[in-house]
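Chemist: How does the following fold in three dimensions:
(2 chains)
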Amino acid sequence: MSKIQVTLPDQSIKLVPPATTPQEIADNIGSRLAQDVVVASVNGSLVDLNLPLQDDCTLELLTGDTLEGHEVLLHSTAHLMAHAVKCLFPDVKISIGPTIENGFYYDFDFDGTFTDEDLVKIENKMKEISKAGHDIIRQEISSNDAIKLFSDMGESYKVEIIEQIDPDDTIAAYTQDDFTDLCRGPHVSNTSKIKYFKLLSTSGAYWRGDEKNKMLQRIYGTVFSKKDGLKRYLHMLEEAKKRDHRKLGRELEIYTFDNEVGPGLPLWLPNGAIIIDELEQLAKETERLAGYQQVRTPHLTKGSLYERSGHLTHYKEFMYPAMDVDGTDYYVKPMNCPHHHKIFAASPRSYRDMPLRLAEYGTCYRYERSGQLFGLMRVRSLQMNDAHIYCRPGQFKDEFLNVCQMYLQYFKIFGIEKYTMRLSLHNPEDLGNKFVNEPELWLETEKWVREALQDGGIEFVEVPGEAAFYGPKIDVQVWSAIGKEFTLATNQVDFAIPERFDLNYIDEDGSGKTPICIHRAPLGTHERFIGFLIEHFGGNFPLWLAPVQVAVLPVSDKVLAYAQQVKGSLFEAGIRVNLNERADKIGAKIRHAELNKVNVMLIVGTKEAENRTVSVRRRFEGDLGPVRLETLIPELKDEIKNRSVTHRQEADAETQ
RNA sequence: GCCGGGUUAGCUGAGUUGGUUCAAGCGACUGAUUCGUAAUCAGUAGUAGGUGGGUUCGAGUCCCAUACCCGGCUCCA
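Modeler: Below is the predicted model:
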């Protein structure tokens, strides 16, 4: 019988009989690989390990350590979980069980809810099924057969899914013991390959993600190919919790909430106010240089303004209800743009005035639904680093790109490296509904934005259907310590609203033209940005942002007078300084300062008092020895002025 | 808004099946100590079971309502 040639990644060739499976080849190479391999890549496509090879091919045997292998392992574990759930709760219907970053979930239709005890039971059952070592067998079937198969099992959600699959596509079912699931695969070849898993949480989730549909019960879990991987991941989750801005925000006394004030309405404590102030300084300096002008607008406005802007039709449910003032509806403002439009309209404008850039740190109020609130990241009172740029079509690309570059400039200052730029486009099917009905303008402005980004060499991903109702936008996505995704900054094109406000400028030819408007908030809101920064730095703020920049720590009361002089000099130099006058030992004072994540500690004892020096100790660096204040103060002022991102190793190490 | 869980002192956090005055640690305060790079010792106090009802001889514990928080879903101008 002729053999087939199987080329391995090291270019070595195995001659095997036709119908040999990748698993058999792995078995032949070594017992370790035989056990660890989870999926095969044949001629570049992922396939099951028990798929018989018929022709010459290249073969890569992927373990659960590889990206593709881990994905397969996650997916197979979702099936294993569904299998276990069906064993324990035969009445549940299964729906979908995809992989997500670092894990998987499965949604079940279940009359009841899964308790923590249920999770333990399910996990134990999974271990049992894993130990039993059932083969996982793929079966390709026709659409009709699949519908019959899953109808007979009472799996109505699966039937619904199959009905929406193109009947010409291959439909596959995977069976392990008495459990069969619809899946395109590939999967690991045997349940015994799934070992190091953990069920993490439960929640409700709407079928197909639509809140009009039935709410299903979701279970989240994760799996790793090695015990150590799972352990490290669980440890990482614990570490991330330590950086959670809600925990650090309280510990570092940055902000708080109060039941009597109301949900989503943060109270900024003095330390938080300092951080806000520094951010505003940065923004004002940056925007002044970029040609922005500051404006200020009121918190209350007549409803008619929001009718004109379209916000009352598009976002009324997210606005605080109207209050009646002398028979007229007034609203607290949910955004600043209509007011800025009014400022544009307040004077006749010429093409010579363009681009006109109006900036404001306006406080807005949005009625976020109660379940959306999340620490500082999602609040009901928020202050935006907002501005609106009015420009002529020919100026658009430059203006838009400049805004994007402003983001990048900020990100550099903060050392933000992990983010995604997302270009959100309209969905033609939602024109006139979710999006203003201007099909040509949509396409044109989307093209402009895309070109501006490409010209600027800025990487981005395109997301259809996510645009604002008045135009395409760029969102900058970041992740909180616990992995939640957030829009940190946003930059939107608005080709519709200026017209509704009858905004115009006199062009070179003497005719009136409508400007294009760019909405932009590179620092997002104070609330979200600071929430993010707390996590980004793990509370270890760079010197310029730190609420307490320097702590003066006298070794004993004997040198208190000198310590007070030191504090005075720093204070006069404009540095935020604390003096620890307590009767503690120096070790305790240092510990206290370290726990408060103070960047610079100045230890003064009799030696320093005699020599008119201070001993510098910096966070993460330890004792740096004595230095004269005349030397130290200018250095610190430089570090502050340059907004240097230093002394944050620990936060780096913790970043996932 | 929806599904689930939770709420005990400033923080963390115990508390059997409802049974006299609700731990403890940290923090705070007072006193002593005057000390050299992540915790000195002793003592004191504390407005502590979210709020409102109910069951009961008796509720932190059981029931109902409500507020707020947490995990998700959905949403995000």
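
Chemist: What residues sit buried inside stretch A:216-225?
Modeler: Going by neighbour count (16 or more other CB atoms under 10 Å), the buried part of stretch A:216-225 is A:216, A:217, A:218, A:219, A:220, A:221, A:222, A:223, A:224, A:225. Placement of C-beta: from N, CA and C, glycine included.

Chemist: Now do the strands in the stretch 451-600 of chain A.
Modeler: A:461-464, A:473-479, A:485-494, A:505-506, A:512-513, A:516-521, A:550-554, A:577-579, A:600-604 (DSSP state E, counting those that start in this stretch).

Chemist: Name the residues that touch the fourth one?
Modeler: Which is strand A:505-506. Here strand A:505-506 makes contact (CB atoms under 8 Å, 6 or more residues apart in numbering) with A:348, A:349, A:350, A:351, A:353, A:354, A:390, A:392, A:512, A:513, A:515.

Chemist: Ok, the first one next?
Modeler: Strand A:461-464 has contacts (CB under 8 Å, 6+ apart) with A:420, A:421, A:422, A:423, A:424, A:425, A:426, A:427, A:450.

Chemist: go with 6 Å
Modeler: A:422, A:423, A:424, A:425, A:427 (CB atoms under 6 Å, 6 or more residues apart in numbering).

Chemist: about what we covered before: out of the contacts of strand A:505-506, who's nearest RNA strand B?
Modeler: residue A:390 (15.8 Å; CB to the nearest atom of the strand).

Chemist: need the helices for the stretch 351-500 of chain A, in chain order.
Modeler: A:396-414, A:439-455, A:497-500 (DSSP state H, counting those that start in this stretch).

Chemist: Show me how far the longest one is from its chain's centre.
Modeler: In this case it means helix A:396-414. 20 Å (CA atoms, centre = their mean, to the nearest Å).

Chemist: Any part of that helix near RNA strand B?
Modeler: No: remark: helix A:396-414 sits outside contact range of RNA strand B, by CB under 7 Å from any atom of the strand, the gap being at least 14.0 Å.

Chemist: Report the mean per-residue pLDDT for that helix.
Modeler: The average pLDDT within helix A:396-414 is 93.

Chemist: now swap in the shortest one and tell me
Modeler: Mean per-residue pLDDT for helix A:497-500: 92.

Chemist: In contact with residue A:215: list those residues for me.
Modeler: Counting by CB under 6 Å, 6+ apart, residue A:215 has contacts A:204, A:206.

Chemist: what's the pLDDT at the residue of the stretch 251-400 of chain A found nearest RNA strand B?
Modeler: Across the stretch 251-400 of chain A, no residue is closer to RNA strand B than residue A:371, which sits at 2.0 Å (CB to the nearest atom of the strand). At residue A:371, the model reports a pLDDT of 90.

Chemist: about what we covered before: and of the contacts of strand A:461-464, the nearest to residue A:206?
Modeler: Using CB to CB, residue A:427 is the member of these that sits closest to residue A:206, with 20.2 Å.

Chemist: Spatially nearest residue to that closest one, not counting backbone neighbours?
Modeler: Of all residues beyond its chain neighbours, the one nearest residue A:427 is residue A:465 (3.8 Å), with distances taken as CB to CB, 6 or more residues apart in numbering.

Chemist: check contacts around residue A:387.
Modeler: Here residue A:387 is in contact with A:292, A:357, A:359, A:520 (CB under 6 Å, 6+ apart).

Chemist: In PyMOL, select just the buried ones from these.
Modeler: In PyMOL, a selection of the buried entries from the contacts of residue A:387 looks like this (16+ other CB under 10 Å):
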select buried, chain A and resi 292+357+359+520
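
Chemist: Among the contacts of residue A:387, which lie within strands?
Modeler: A:357, A:359, A:520 (DSSP state E).

Chemist: Can you lay out those as TSV showing pLDDT and distance to residue A:133?
Modeler: Shown next, in TSV, are the ones in strands among the contacts of residue A:387 (pLDDT from 0 to 100; distance: CB to CB, whole Å):
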residue	pLDDT	distance to residue A:133
A:357	97	67
A:359	97	65
A:520	95	58
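
Chemist: Tell me which helix or strand residue A:201 sits in.
Modeler: strand A:196-206 (DSSP states H and E).

Chemist: Need the helices of the stretch 351-500 of chain A in TSV (columns: mean neighbour count).
Modeler: Shown next, in TSV, are these (neighbours: other CB atoms under 10 Å):
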stretch	mean neighbour count
helix A:396-414	19
helix A:439-455	17
helix A:497-500	20
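
Chemist: Distance to residue A:187 for those helices - can I get that in CSV?
Modeler: Output for these, formatted as CSV (distance: least, CB to CB, whole Å):
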stretch, distance to residue A:187
helix A:396-414, 40
helix A:439-455, 39
helix A:497-500, 51
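
Chemist: Looking at those, which is nearest to residue A:230?
Modeler: helix A:396-414 (32.6 Å).

Chemist: can I have the closest one written out in CSV, keeping just the CAs?
Modeler: Presented in CSV, the C-alpha positions along helix A:396-414 are these (Å, rounded to 0.1, in the frame of the first residue of the first chain):
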residue,chain,number,x,y,z
PHE,A,396,-11.5,68.4,7.9
LYS,A,397,-8.7,65.9,7.4
ASP,A,398,-6.0,68.0,9.0
GLU,A,399,-8.3,68.8,11.9
PHE,A,400,-9.4,65.3,12.4
LEU,A,401,-5.8,63.9,12.3
ASN,A,402,-4.6,66.6,14.7
VAL,A,403,-7.2,65.5,17.2
CYS,A,404,-6.0,61.9,16.8
GLN,A,405,-2.5,63.0,17.3
MET,A,406,-3.5,64.8,20.4
TYR,A,407,-4.7,61.5,21.8
LEU,A,408,-1.4,59.9,21.0
GLN,A,409,0.4,62.7,22.6
TYR,A,410,-1.6,62.3,25.8
PHE,A,411,-1.1,58.6,25.7
LYS,A,412,2.6,59.0,25.6
ILE,A,413,2.5,61.3,28.6
PHE,A,414,0.6,58.7,30.6
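
Chemist: okay, the angle between that helix and helix A:439-455?
Modeler: For helix A:396-414 against helix A:439-455, the angle by axes from the mean of the first three to the mean of the last three CA atoms, to 10 degrees is 50 degrees.

Chemist: so how far is residue A:473 from residue A:430?
Modeler: Distance of residue A:430 to residue A:473, given as CB to CB, to the nearest Å: 15 Å.

Chemist: residue contacts, the residue nearest to residue A:294 when sequence neighbours are not counted?
Modeler: Excluding the flanking residues, the one nearest residue A:294 by CB to CB, 6+ apart is residue A:359, at 5.5 Å. Residue A:359 makes contact with A:287, A:292, A:294, A:387, according to CB under 6 Å, 6+ apart.

Chemist: out of those, who's nearest residue A:325?
Modeler: Closest to residue A:325, out of all of these and judged by CB to CB, is residue A:294, at 27.6 Å.

Chemist: distance of the closest one from residue A:268?
Modeler: Between residue A:294 and residue A:268 the distance is 21 Å, computed by CB to CB.

Chemist: These two: which is more packed in?
Modeler: residue A:268 (18 against 12; other CB atoms under 10 Å).
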